[in-house]
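*Asks:* pasting the sequence and the predicted coordinates here, then a few questions.
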Amino acid sequence: MKKLFILSIVFFLISGMTSFAQTQSFELKQTRENGIYKKGEKIRVMAYIHDLTNDSLTVVVRKNNDQVISKTAFLPETDSVLIYESSFPSSCSVMLEARHKGTKQSIGMMVAPQKLKPGTERPKDFDAYWVQEKQSLNALRMEVKNKDMEVGEPGYKCQDIEINCTGPKPARGYFAKPANAKVRSLPIVLIVHAAGVKGSWCRSEVKDALRYAKMGNGALCFDLNAHGMLNGQPEEYYSDLEAGELKDYYISGLESREDFYFRGMYLRLMRTIEFMTRQPEWDKKRIIVIGESQGGGQALAAAGLDSRVTAAVAIVPALCDFGGTLADRKGGWPQPFERKGDKEKMMNTLPYFDTAHLLKNSKATIVAEIGLVDQTCPSSSIYAAINQAKGKKIITPVPYREHSWPTAVQRKHWDPAVFNPRNEFVENYLK
């Protein structure tokens, strides 16, 4: 694995790590290709105009996502223009947005990200709180309902699983594995999902569980849906949940630890991991949790909540550093401290579910992709959380990535430099 990490970094550098945003009109480049700077180091951003005309180039620069620190306009006389130059004495994020001929391009930077700390204090009874939750969970006798699924894949099995849980909902998902695996021969893969209810990205799928079950030399894969929803239901079922019971779920219960929505989500995470570790085929060594956005936050939470988790792959993760809002930064999604409510009660609730505090004692390997122009899951929030972990970290900052997937043009760089190396990491981890 160490060899793979070194090779990935070398490939990343050779491939250019060009911090750019391209269209037919113009592109942006900055001093450091990966967008990471030291305190006091000069940042320079150049615009390269592909089609020189009399159209102006407007530039807006923001610090820590929301603070506009400069607005300028240029009438380019040459095909290359210095559009921004500055330095910063302390840790922060910087985003530059440029517009030219009706098109917009963005590029991001981080200053001393390794120095960032959570915006809230870790509660003194934080560990005691989670010990109690785990004790209650373990005291509940595990009851599992299962239904065999037709997979059409010789040599593999998949079941629709429901596991009782102390939270408001059971854990539900699809569990796939090689049919005739030996005892203590396979790693565990837990797939967790992004925010939403009815979207395809929010639901467990047989095909996804099978895909990971076939990776490496085979794996025990559980594709866990975030909400404890039933699997494989008609579209109307999910639409009704999104419009009703789960409408704005992510800001539900902000003033109460018992009622905060993500408490139930984390309990389902822990229950599912416990279920998986009871499978005789588990090798007793490897548990990897993989997710994007809300799923990335769940992957980090799992690494903090269960010491048996050995790796977390967190892609533009949410649920990081809620308290960034209180430290002159933008907090991690769902930005709960920006919502209406009793701030004192929120202070007595939210830090207990913040991955920036959950990760404090984690020794899991963390593989993270961080979008430096992500307005949903701010780069500063992710660094503030990951900095607390004690294990190996493989962090890929992507200066042109917003929260959504990169554009087709950006993917010419992103696929070989970011996406493919991450998949290679997972494949090799499961061998």
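*Replies:* Perfect, I can see it now.
*Asks:* CA atoms for contacts and neighbours, from now on please.
*Replies:* OK.
*Asks:* which residues of the stretch 1-150 of the chain fall in strands?
*Replies:* 26-30, 36-37, 43-49, 57-63, 67-74, 80-86, 92-100, 103-111, 144-148 (DSSP state E, counting those that start in this stretch).
*Asks:* can you list those in TSV and add distance to Glu424?
*Replies:* Output for those, formatted as TSV (distance: least, Cα to Cα, whole Å):
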stretch	distance to Glu424
strand 26-30	28
strand 36-37	24
strand 43-49	32
strand 57-63	34
strand 67-74	38
strand 80-86	37
strand 92-100	29
strand 103-111	26
strand 144-148	31
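*Asks:* now those as a markdown table including distance to Phe353, mean pLDDT and mean neighbour count?
*Replies:* Shown next, in a markdown table, are the strands of the stretch 1-150 of the chain (distance: least, Cα to Cα, whole Å; pLDDT from 0 to 100; neighbours: other Cα atoms under 10 Å):
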| stretch | distance to Phe353 | mean pLDDT | mean neighbour count |
| --- | --- | --- | --- |
| strand 26-30 | 36 | 96 | 23 |
| strand 36-37 | 28 | 98 | 21 |
| strand 43-49 | 35 | 96 | 19 |
| strand 57-63 | 26 | 97 | 19 |
| strand 67-74 | 27 | 96 | 13 |
| strand 80-86 | 36 | 97 | 15 |
| strand 92-100 | 24 | 97 | 22 |
| strand 103-111 | 25 | 96 | 23 |
| strand 144-148 | 27 | 98 | 12 |
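*Asks:* what's the closest of those to Leu254?
*Replies:* With Cα to Cα, the closest approach to Leu254 among the strands of the stretch 1-150 of the chain belongs to strand 67-74: 25.5 Å.
*Asks:* what lines up beside that closest one in the sheet?
*Replies:* strand 57-63 (antiparallel) (DSSP bridges).
*Asks:* buried stuff in the longest strand along the chain?
*Replies:* Identified as the longest strand of the chain according to DSSP state E is strand 282-292. For strand 282-292, a neighbour-count test (16 or more other Cα atoms under 10 Å) marks Trp282, Asp283, Lys284, Arg286, Ile287, Ile288, Val289, Ile290, Gly291, Glu292 as buried.
*Asks:* in the stretch 51-200 of the chain, where is pLDDT below threshold?
*Replies:* Scanning the stretch 51-200 of the chain for pLDDT under 70 picks out nothing.
*Asks:* which residues in it form helices?
*Replies:* 126-139 (DSSP state H, counting those that start in this stretch).
*Asks:* just the CA coordinates of the longest strand of the chain, formatted as PDB?
*Replies:* Only the C-alpha atoms of strand 282-292 are listed here, as PDB (Å, rounded to 0.1, in the frame of the first residue of the first chain):
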ATOM      1  CA  TRP A 282     -14.300 -11.500   7.700                       C
ATOM      2  CA  ASP A 283     -10.500 -11.600   7.800                       C
ATOM      3  CA  LYS A 284     -10.400  -9.800  11.200                       C
ATOM      4  CA  LYS A 285      -8.100  -7.200   9.600                       C
ATOM      5  CA  ARG A 286      -9.700  -4.800   7.100                       C
ATOM      6  CA  ILE A 287     -12.800  -2.700   7.100                       C
ATOM      7  CA  ILE A 288     -13.000   0.100   4.500                       C
ATOM      8  CA  VAL A 289     -15.900   2.600   4.400                       C
ATOM      9  CA  ILE A 290     -16.500   4.500   1.200                       C
ATOM     10  CA  GLY A 291     -18.700   7.500   0.500                       C
ATOM     11  CA  GLU A 292     -19.100  10.900  -1.200                       C
END
